[in-house]
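Peer 1: prediction below, plus the sequence it came from.
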Amino acid sequence: MEQTTPTALSDTPVKQEKQYTYLNLGPTHPATHGIFQNVLKMDGEIIVEATPTIGYIHRAFEKLAERRPFYQITPLTDRMNYCSSPINNMGWHMTVEKFLSIEIPKRVQYLRVLIMELSRISDHIICNTIIGQDVGATTGFLYLFQYRERIYEIFEEICGARLTTNIGRIGGLERNFSDKAWDKLYKWLEDFPVAFKEFSNLLERNRIFMDRTINCGPLSPEMALAYSFSGPNLRAAGVDYDVRVMNPYSSYEEFDFVVPVGTQGDTYDRFMVRQQEMHESLRIIHQAIEKIKKEPADIFRADVPEYVLPPKEDVYNNMEALIYHFKNIMGETDIPKGEVYHSVEGGNGELGFYLISDGGRTPYRLHFRRPCFIFYQAYPEMIKGTMLSDAIITMSSMNVIAGELDA
Amino acid sequence: MEDISTEEKIITVLKEKFADDIVLVESPYAFLTVTVKPSSVLSIIRYLYDQERYQYLTTLCGIHYPDQKSIAVMYQLHNLFENKRIRLKTYLPEEKPSIPTLTTIFPAANWMERETYDFYGVNFEGHPNLKRILNVEDMTIFPLRKEYPLEDQTREDKNNTFFGR
């Protein structure tokens, strides 16, 4: 390499060959929070170019779904955005219900809203505490995760599983909320706001945190829309698109809540939008509980025995249940032909299901609109010209979940 | 939820502008679906983007219909101003599916088209970086096509008539 070093300050330009460093960020790196790779072309600490490679945990869900009856597809949706699997499960159930024109009782709709908002909070807890973790504030991460753990305990009481929940069935829930589930929920509703307030105090107006995150990875609304962003990331950029409001499902139109929007679309705005959404989710949960109290307490599912496996003790002792068990397992139920699209507001944005049925037992084609997959392609453009450490927190504030990215 | 008059308005406008290119207009589950000829997809989407403010590309995917020897590509656009959605479908020949890229209008189409190429082999003409995205690069087949069954078809211990397709 040819190099001339000037002895004193002069106008003679320094001859120096430009050299770039290539850095592999990922596939497995603690800061990527999932298995995906970015090959960064770096000029010193400045990122010149990023080339993302994805697909490390691709599991061909769309192909698998073409061989599974509807009720067996729910566990696949669990594994997309595994931070908020109940929303995915219920989004899929609602797609099937829309397709089969099943009327859902009001109480079930409110129960679903309650569960979905709980899982939205648990999803946002992960994202926001991890932003803190990535800028060096571990306290909030360890502290608030206890309350996420307790949300999982509530899920465990409702459906028996924690992370990949497979919660609910076509037409409603598999069983009613137990008293223990309600107790845990009420206790959580008492404790969580206190801890959440403390977490907010730690970070929201923290000078170090603000200096670190404001103007980091900004996103203009034009670019956000061009890249089909959705969810909190789009709202942080200032576009108030929320599927819960635009195309209400599961009686969201009856709830009173605010859609928070940001102005700059930077890491701080994304953090703040998620913080506000957690407040709004808490409000929705309280409203849902009030609404549930007014409904008959024993309804937890619509009457659709053709699509739900009956309880085992009924199968052995009751002829009707045995018939429906047989029909479900052997696929004797008539399914209409047609195509339907349904979307829900997932933890990361518009989670859509596009289902085509040819009347067979399994979908002819099922396409998942995964918000992560769509908005992650803007990441190289967002981090161009920024520092490596900014790229890390930009990624954590986008809440990219590898399972949803790769499906 | 759906305002019928606006939906009818857009159908009328489209039929006026692109009379020869529209094959079928339907509305399954209150979702306006227009089947169009492949040659006119780009110009229709361009028109919807410029004139009717369908400026948000919700999703895009391929569908294989071996009976009709065709691969369909489905586009879903969203008009966020009036909250109207539209779905466009177009059928391409199975042997050489090829259609102009949407990346000139929507940067978001980049990865969606790569995914569709990856699984169905649809060639998006003019795409800046058309290569596989989720599968390994040296894969030679397009796995979501129906001729590739999910399980080993030589298995005799499973009767497919009982277990799905």
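Peer 2: On my side now, so go ahead.
Peer 1: interface residues of the stretch 51-200 of chain A facing chain B?
Peer 2: Contacts of the stretch 51-200 of chain A with chain B, taken as C-beta under 8 Å from any C-beta of the partner chain, map to A:54-55, A:58, A:60, A:62-64, A:66-69, A:98-99. Glycine gets a C-beta too; all of them are placed from N, C-alpha and C.
Peer 1: kindly recompute the last result at 6 Å.
Peer 2: Contact residues, the stretch 51-200 of chain A versus chain B (C-beta under 6 Å from any C-beta of the partner chain): A:55, A:58, A:63, A:67.
Peer 1: of the residues you listed, which is the most crowded?
Peer 2: The residue in those with the most neighbours, by other C-beta atoms under 10 Å in any protein chain shown, is residue A:55 (20 neighbours).
Peer 1: with adjacent residues omitted, what lies nearest to it?
Peer 2: Excluding its sequence neighbours, the residue lying closest to residue A:55 (C-beta to C-beta, 6 or more residues apart in numbering or on different chains) is residue B:134, at 4.0 Å.
Peer 1: quick one: contacts for that neighbour?
Peer 2: A:55, A:58, A:406, B:118 (C-beta atoms under 6 Å, 6 or more residues apart in numbering or on different chains).
Peer 1: do residue A:308 as well
Peer 2: Applying C-beta under 6 Å, 6+ apart, we find residue A:308 in contact with residue A:169.
Peer 1: three-state assignment of it?
Peer 2: coil (DSSP: H, G, I helix; E, B strand; the rest coil).
Peer 1: cool, residue B:78 as well?
Peer 2: Assignment for residue B:78 (three-state DSSP): strand.
Peer 1: what about the nearest residue to it once chain neighbours are set aside, how many neighbours?
Peer 2: Once flanking residues are discounted, residue B:78 sits nearest to residue B:56: 4.2 Å by C-beta to C-beta, 6+ apart. Neighbours of residue B:56 under the rule other C-beta under 10 Å: 24.
Peer 1: any idea how far residue A:397 is from residue B:135?
Peer 2: When distance is defined by C-beta to C-beta, to the nearest Å, residue B:135 is 29 Å away from residue A:397.
Peer 1: what of residue A:321?
Peer 2: Residue A:321 is 49 Å from residue A:397, by C-beta to C-beta.
Peer 1: can you check residue A:160 too?
Peer 2: Taking C-beta to C-beta, one finds residue A:160 at 33 Å from residue A:397.
Peer 1: between the two, which has more neighbouring residues?
Peer 2: Neighbour count, other C-beta under 10 Å: between residue A:160 and residue A:397, residue A:397 has more, with 28 against 12.
Peer 1: so where's chain B shaky on pLDDT?
Peer 2: Low-confidence segments of chain B, defined by pLDDT under 70: B:1-4, B:151-165.
Peer 1: how far does stretch A:204-223 stretch from one end to the other?
Peer 2: Stretch A:204-223 stretches 26 Å from its first residue to its last (C-alpha to C-alpha, to the nearest Å).
Peer 1: no, scratch that, I was asking about stretch A:321-337
Peer 2: 26 Å.
Peer 1: go on, stretch A:330-338?
Peer 2: Stretch A:330-338: ends 22 Å apart by C-alpha to C-alpha.
Peer 1: in it, what counts as buried?
Peer 2: A:331, A:333, A:335 (16 or more other C-beta atoms under 10 Å in any protein chain shown).
Peer 1: closest one of those residues to chain B?
Peer 2: Among those, residue A:331 lies closest to chain B (C-beta to the nearest C-beta), at 7.1 Å.
Peer 1: now the closest one. Nearest residue, chain neighbours left out?
Peer 2: Residue A:331's closest residue in space is residue A:361 (C-beta to C-beta, 6+ apart), at 3.8 Å.
Peer 1: tell me the secondary structure for that neighbour?
Peer 2: coil.
Peer 1: count of neighbours near it?
Peer 2: So residue A:361, with other C-beta under 10 Å, has 19 neighbours.
Peer 1: again with the one 5 residues further on
Peer 2: Around residue A:366 there are 25 other residues, counting by other C-beta under 10 Å.
Peer 1: same thing with residue B:19?
Peer 2: Close neighbours of residue B:19, defined as other C-beta under 10 Å, add up to 8.
Peer 1: what's the answer for residue A:311, then?
Peer 2: 14.
Peer 1: how about the backbone phi and psi for it?
Peer 2: phi -60, psi 150 (degrees, to the nearest 10).
Peer 1: cool, and residue B:124?
Peer 2: phi -90, psi 110.
Peer 1: which ones are touching the residue of the stretch 201-350 of chain A found nearest chain B?
Peer 2: Residue of the stretch 201-350 of chain A nearest chain B, by C-beta to the nearest C-beta: residue A:228 (3.7 Å). Residue A:228 sits next to A:374, B:57, B:108 when contact means C-beta under 6 Å, 6+ apart.
Peer 1: confirm that it sits in a helix.
Peer 2: No. Counting by three-state DSSP, one finds residue A:228 to be coil, located in no helix.
Peer 1: give the phi and psi angles for it, as a check.
Peer 2: phi 50, psi 40.
Peer 1: need the contact list for the residue nearest the centre of chain A.
Peer 2: In chain A, the residue lying closest to the centroid (C-alpha atoms, centre = their mean) is residue A:347, at 2.8 Å. Residue A:347 is in contact with A:81, A:83, A:84, A:120, A:123, counting by C-beta under 6 Å, 6+ apart.
Peer 1: ok, those vs chain B, which is closest?
Peer 2: residue A:81 (16.0 Å).
Peer 1: how about the residues of the stretch 251-400 of chain A near chain B?
Peer 2: Checking the stretch 251-400 of chain A against chain B by C-beta under 6 Å from any C-beta, the hits are A:338-341, A:352, A:360-362, A:365, A:367, A:369, A:374, A:377.
Peer 1: and these, which of them are buried?
Peer 2: A:339, A:340, A:341, A:352, A:361, A:362, A:365, A:367, A:369, A:374, A:377.
Peer 1: next SSE after the helix or strand that the first one is a member of?
Peer 2: Spelled out, that is residue A:339. Element membership of residue A:339 [criterion: DSSP states H and E] is strand A:337-345. Downstream of strand A:337-345, the next assigned helix or strand under DSSP H and E is strand A:350-358.
Peer 1: that next one: partners in the sheet, and parallel or antiparallel?
Peer 2: According to DSSP bridges, strand A:350-358 has the following sheet partners: strand A:337-345 (antiparallel), strand A:365-369 (antiparallel).
Peer 1: how far away is residue A:300 from residue A:167?
Peer 2: Applying C-beta to C-beta, the value for residue A:300 to residue A:167 is 12 Å.
Peer 1: neighbour count for the two, which is higher?
Peer 2: Between residue A:300 and residue A:167, counted using other C-beta under 10 Å, residue A:167 has the larger neighbour count: 25 against 18.
Peer 1: which parts of stretch A:119-139 are buried?
Peer 2: The neighbour-count check on stretch A:119-139 (16+ other C-beta under 10 Å) flags A:119-135, A:137 as buried.
Peer 1: run through the strands of chain A in chain order.
Peer 2: Counting by DSSP state E, chain A has strands at residues A:21-25, A:37-43, A:46-53, A:337-345, A:350-358, A:365-369.
Peer 1: can you lay out these as JSON lines showing mean pLDDT?
Peer 2: Listed next are those as JSON lines, based on pLDDT from 0 to 100:
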{"stretch": "strand A:21-25", "mean pLDDT": "90"}
{"stretch": "strand A:37-43", "mean pLDDT": "91"}
{"stretch": "strand A:46-53", "mean pLDDT": "92"}
{"stretch": "strand A:337-345", "mean pLDDT": "94"}
{"stretch": "strand A:350-358", "mean pLDDT": "94"}
{"stretch": "strand A:365-369", "mean pLDDT": "94"}
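Peer 1: of all those strands, which lies closest to residue B:94?
Peer 2: strand A:365-369 (15.2 Å; C-beta to C-beta).
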